[in-house]
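Enquirer: Here is a sequence together with a model predicted from it:
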Amino acid sequence: MDKKFTIKSFQKAKDEKRPISMLTAYDYSMAKILDGAGADALLVGDSLGMVVQGHDSTISVTIDDMIYHAKAVNRAAKRALVIVDMPFMSYHVSMEEAVRNAGRLMKEGGAHAIKLEGGVEFAETIRQIVRVQIPVMGHIGMTPQSVHMFGGFKVQGKSLVQAQKIIDDAKALEEAGVFAITLECVPEELSKIITETVNVPTIGIGAGKYCDGQVLVSNDMLGMFSDFVPKFVKQYAHISSDIERAVKTYIKEMNESSFPEKKHTFTIDEDVLKNLSK
Ligand code: KIV
């Protein structure tokens, strides 16, 4: 296992056929657990707009939001590669703004790499960001920032036209210099073709088993986010019921005066106490 997981480790893992594990992280405590448990990469995803901020899409997330969360995750990550999402409209207006914002994620947020959504149409933007030595992960297929163009969070690449476009996107991203590509919500057969076609690793979410690695939103896989559970999510834990049980017990114990106990309590010396004036 590499001591530090880098973009070189991504490529090595693909070459050696070792699956890459990636999970989202938005705060210090969770990032520390995920890093300690051996996740290869932590993604500070703009999904934080939904699972942390409670919006119904990722559209409203700002570059300052991303920097705030990236800083916290970066402090916890000892081994994992920290990848930070470029939010909606942080790389769309001009090349100059895209490079500046990618730079802010690295300089202020401590990102090791950035991720941005889009294919052929963003290849030149990616090229410019890579030119200034910022590693870029691509993201194609169902790109959540385009939810309103797609008419919802819908599987992409089922028709010939869509599937061909996604293959062309993957090739354009590789050619532009990405170190890896996230494939979201595409049919398994398509992600297999792409994984075999491009040399850089593919990381799937709702893209089946043939990708070089997998990514999940931690809140989904831990059973912390119950607004909806996408088909591609496997819940490895049910943390929200654990939290609910703990909170109910806490309230009950307070009502019964069984919490706090002596061991949870601070005291002062008798002589200080008796000299206090009331
Ligand atoms: O923002 C995010 O969490 C993501 C994953 C869904 C890949 O981009």
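Expert: Perfect, thanks for sending it.
Enquirer: What residues does Q11 make contact with?
Expert: Contact partners of Q11, counting by CB atoms under 8 Å, 6 or more residues apart in numbering, are 179, 200-201. To be clear about C-beta, it is placed using only N, CA and C from the backbone, and glycine gets the same treatment.
Enquirer: Any idea how many residues pack against the residue in the stretch 1-150 of the chain that the ligand sits nearest to?
Expert: Nearest residue of the stretch 1-150 of the chain to the ligand: G45, at 2.3 Å (CB to the nearest ligand atom). Counted by other CB atoms under 10 Å, the residues lying close to G45 total 31.
Enquirer: Need the per-residue pLDDT for it.
Expert: Among the per-residue scores, G45 shows a pLDDT of 98.
Enquirer: correct me, but it touches S218?
Expert: No - contact criterion CB atoms under 8 Å: G45 and S218 do not qualify, at 9.2 Å.
Enquirer: Please list the residues of this structure that sit near the ligand.
Expert: Proximity of the chain to the ligand, by CB under 6 Å from any ligand atom, involves residues 24, 43, 45-47, 85, 139, 182, 184, 205, 215, 217.
Enquirer: I'd say S226 and S241 touch.
Expert: No - checked against CB under 8 Å, the pair S226 and S241 is beyond contact range at 9.5 Å.
Enquirer: which phi and psi does D27 have?
Expert: phi -140, psi 170 (degrees, to the nearest 10).
Enquirer: and the closest residue to it other than its chain neighbours, what pLDDT?
Expert: Excluding the flanking residues, the one nearest D27 by CB to CB, 6 or more residues apart in numbering is A72, at 5.1 Å. Here the pLDDT value assigned to A72 is 98.
Enquirer: Spit out the contact partners of A72.
Expert: 26-28, 31.
Enquirer: SS state for it?
Expert: Classification of A72 by DSSP: H, G, I helix; E, B strand; the rest coil places it in helix.
Enquirer: Please, which helix or strand holds I167?
Expert: For I167, the enclosing helix or strand under DSSP states H and E is helix 160-176.
Enquirer: ugh, typo on my part, it should be D271
Expert: helix 270-274.
Enquirer: H69 too?
Expert: helix 63-76.
Enquirer: okay, now the closest residue to A70 other than its chain neighbours: neighbour count?
Expert: Spatial nearest neighbour of A70, excluding adjacent residues (CB to CB, 6+ apart): G109 at 3.1 Å. For G109, the neighbour count with other CB under 10 Å is 22.
Enquirer: Show the contacting residues for G109.
Expert: G109 sits next to 44, 66-67, 69-71, 74, 84 when contact means CB under 8 Å, 6+ apart.
Enquirer: This protein: strands as residue ranges?
Expert: Secondary structure of the chain (DSSP state E): strands at 20-24, 41-44, 81-85, 113-117, 136-141, 180-184, 202-205, 213-216.
Enquirer: would a markdown table of those strands with distance to S9 be doable?
Expert: Formatted as a markdown table, the strands of the chain follow (distance: least, CB to CB, whole Å):
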| stretch | distance to S9 |
| --- | --- |
| strand 20-24 | 8 |
| strand 41-44 | 9 |
| strand 81-85 | 7 |
| strand 113-117 | 12 |
| strand 136-141 | 13 |
| strand 180-184 | 11 |
| strand 202-205 | 13 |
| strand 213-216 | 11 |
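Enquirer: And the ones you listed: which comes nearest E96?
Expert: Closest of these to E96 is strand 113-117, at 15.3 Å (criterion: CB to CB).
Enquirer: The closest one pairs with which strands?
Expert: strand 81-85 (parallel), strand 136-141 (parallel) (DSSP bridges).
Enquirer: Return the distance of it from the chain's centre.
Expert: Mean-position distance between strand 113-117 and its chain equals 10 Å (CA atoms, centre = their mean, to the nearest Å).
Enquirer: Check stretch 172-184 too.
Expert: Centre to centre, stretch against its chain (CA atoms, centre = their mean), the figure for stretch 172-184 is 17 Å.
Enquirer: Enumerate every residue touching the nearest residue to P87 once chain neighbours are set aside.
Expert: Closest residue in space to P87, ignoring its immediate chain neighbours: V61 at 4.2 Å, by CB to CB, 6+ apart. Shown in contact with V61 (CB under 8 Å, 6+ apart): 46, 48-49, 53, 55, 85, 87-88.
Enquirer: now F122
Expert: 91, 116.
Enquirer: do you know how far it is from S47?
Expert: To S47, F122 is 19 Å away according to CB to CB, to the nearest Å.
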